[in-house]
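Q: Predicted coordinates and the sequence they were generated for:
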Protein chains: 2
Amino acid sequence: MAKGQETRERIITEAASLFNQRGFEGGSMSDLMEATGLEKGGIYRHFSSKEDLAVEAFDYAWKSAFETRMQDLERIPNSIDKLKHFIANFIERRPVVPGGCPLLNTAIDADDGNEVLRDRVRAALRQWRDSVSGIVDTGIKHREIRQGVDPKEVATIIISSLEGALMVARLERKKDALLTAQSRLEHYFDTELRVESTSRS
Amino acid sequence: MAKGQETRERIITEAASLFNQRGFEGGSMSDLMEATGLEKGGIYRHFSSKEDLAVEAFDYAWKSAFETRMQDLERIPNSIDKLKHFIANFIERRPVVPGGCPLLNTAIDADDGNEVLRDRVRAALRQWRDSVSGIVDTGIKHREIRQGVDPKEVATIIISSLEGALMVARLERKKDALLTAQSRLEHYFDTELRVESTSRS
């Protein structure tokens, strides 16, 4: 990797960590200069503006959070088990970028302002919802999940429940709200989504 | 009301609106000077620091959001109906302070930094959870809600679901996620909380 490219990526990594913890407005250029050991000019040589950098930092943070949550899913054949594993990943796996969920943080940060950043967060939400609803869709086709279930709605329920519980858990600095959300969602899967009569044994 | 007190309250109202939309870091003193028409000194005569002002602004925003959500609940006798009305208030009633839920916004803003502000948000969460779990508690005593239900857990489920759905709804600028959360929660109340055999007719 060329030196310039390496520096660019290091700036993105540091900015992702800074903005995800302190917000796009709260994370200042001087914080970033300190974290990277670069002068302002050294940073702006790679990015046209703070917003441009924030967008790249968000994309990086989101990509890593998304991958963490989707980890090992392809190994699990049953769709309901896949959804459960996804939730366990969300709760238990520590993401690479500190500061909580980049989608939640940046959505709150950007919902009354920065339109460019907000569009990226919306794209991230779409990607996430499509992945989760894709699992549900496959589950319906494989007759593991009931006909008539709306995959997009299931995905929205899962995402909303987890993000809301994450906010509470981070505020309280304990996992209780997340574990409650997990047990509610698992109960929902088992009682309202799962096809009951597939006795495979 | 004395002139000084009036000015102080006007600063709090403007700061609440500013910080709730742009965040504690994103809302600058110059924005606030513009909104209030006051000089920096005129603002700091009433508050010892930006943090001090942020705490008062949060308390104001939270009090108004909380009151909006609790509106008319005392008129409803049945606890399950009370919970449903609370959710309808959350979704339909426009709060006085713009920018979404102050608890959600400030929790995300303060979870990696500002400890004083974070403590206020935790106190707000406690108050909110106590109010909702108080409704559940009364419902159990009145035999409207099943024995063995954990009031605090029910309150956590309601709060997390609504806050997560609010984040999605604000990001998408449409209510769908909130309406989905509402219908899930109502279904949960009717199938898992409500005492079935109280036929009062």
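A: The structure has been received and is ready for your questions.
Q: what about the residue of chain A found nearest chain B, helix or strand, and which?
A: Proximity of chain A to chain B (Cβ to the nearest Cβ) peaks at A:Gly164, 2.7 Å away. (C-beta placed from N, C-alpha, C; glycine too.) Using DSSP states H and E, the element containing A:Gly164 is helix A:151-172.
Q: picking up where we left off before, contacting residues for the closest residue in space to the residue of chain A closest to chain B that isn't next to it in sequence?
A: Nearest residue to A:Gly164, sequence neighbours excluded (Cβ to Cβ, 6 or more residues apart in numbering or on different chains): B:Gly164, at 2.7 Å. Neighbouring residues of B:Gly164 by Cβ atoms under 8 Å, 6 or more residues apart in numbering or on different chains: A:159-167, B:181.
Q: Narrow these to those that are buried.
A: A:159-167, B:181 (16 or more other Cβ atoms under 10 Å in any protein chain shown).
Q: can I get the residues you listed in a markdown table with distance to A:Leu104 and pLDDT?
A: Supplementary listing: the buried ones among the contacts of B:Gly164 in a markdown table, determined by distance: Cβ to Cβ, whole Å; pLDDT from 0 to 100:
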| residue | distance to A:Leu104 | pLDDT |
| --- | --- | --- |
| A:Ile159 | 10 | 98 |
| A:Ser160 | 11 | 98 |
| A:Ser161 | 12 | 98 |
| A:Leu162 | 9 | 98 |
| A:Glu163 | 5 | 98 |
| A:Gly164 | 9 | 98 |
| A:Ala165 | 11 | 98 |
| A:Leu166 | 6 | 98 |
| A:Met167 | 7 | 97 |
| B:Ala181 | 15 | 98 |
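Q: Same list, these, but as TSV with distance to B:Tyr188 please.
A: Formatted as TSV, these follow (distance: Cβ to Cβ, whole Å):
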residue	distance to B:Tyr188
A:Ile159	18
A:Ser160	14
A:Ser161	11
A:Leu162	16
A:Glu163	18
A:Gly164	14
A:Ala165	15
A:Leu166	20
A:Met167	20
B:Ala181	10
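Q: follow-up on the earlier one: residues touching the following helix or strand past the helix holding A:Gly164, excluding its own?
A: Remark: after helix A:151-172, the chain's next helix or strand is helix A:176-188, criterion DSSP H and E. Contacting residues not belonging to helix A:176-188 are listed as A:83-84, A:87-88, A:90-91, A:157-158, A:161-162, A:164-166, A:168-169, B:153, B:156-157, B:160, B:184, B:188 [Cβ under 8 Å, 6+ apart].
Q: what angle sits between helix A:176-188 and helix B:176-188?
A: 70 degrees (axes from the mean of the first three to the mean of the last three Cα atoms, to 10 degrees).
Q: Any buried residues in helix A:176-188, and which?
A: A:177-178, A:180-182, A:184-185, A:188.
Q: how about those, which pair is most distant?
A: A:Ala177 and A:Tyr188 (16.4 Å; Cβ to Cβ).
Q: Tell me where chain A has helices.
A: Using DSSP state H, the helices assigned to chain A run over residues A:3-26, A:29-36, A:40-44, A:50-70, A:79-92, A:102-110, A:115-141, A:151-172, A:176-188.
Q: Let's have those helices in a markdown table, adding distance to B:Ile43.
A: As requested, these are exported to a markdown table (distance: least, Cβ to Cβ, whole Å):
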| stretch | distance to B:Ile43 |
| --- | --- |
| helix A:3-26 | 19 |
| helix A:29-36 | 24 |
| helix A:40-44 | 30 |
| helix A:50-70 | 26 |
| helix A:79-92 | 42 |
| helix A:102-110 | 24 |
| helix A:115-141 | 29 |
| helix A:151-172 | 28 |
| helix A:176-188 | 37 |
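Q: Out of the ones you listed, which gets nearest to B:Gly42?
A: Comparing the helices of chain A by Cβ to Cβ, helix A:3-26 comes nearest, at 23.9 Å.
Q: Rounded mean pLDDT for the closest one, please.
A: Mean pLDDT, computed over helix A:3-26, is 93.
Q: so what secondary structure elements neighbour that helix?
A: Contacts defined by 3 or more Cβ pairs under 8 Å, 6 or more residues apart in numbering or on different chains; DSSP states H and E place helix A:3-26 against helix A:29-36, helix A:50-70, helix A:102-110, helix B:102-110.
Q: I'd like these laid out as JSON lines, including distance to A:Leu193 and mean neighbour count.
A: Shown next, in JSON lines, are these (distance: least, Cβ to Cβ, whole Å; neighbours: other Cβ atoms under 10 Å in any protein chain shown):
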{"stretch": "helix A:29-36", "distance to A:Leu193": "44", "mean neighbour count": "15"}
{"stretch": "helix A:50-70", "distance to A:Leu193": "19", "mean neighbour count": "20"}
{"stretch": "helix A:102-110", "distance to A:Leu193": "24", "mean neighbour count": "27"}
{"stretch": "helix B:102-110", "distance to A:Leu193": "28", "mean neighbour count": "27"}
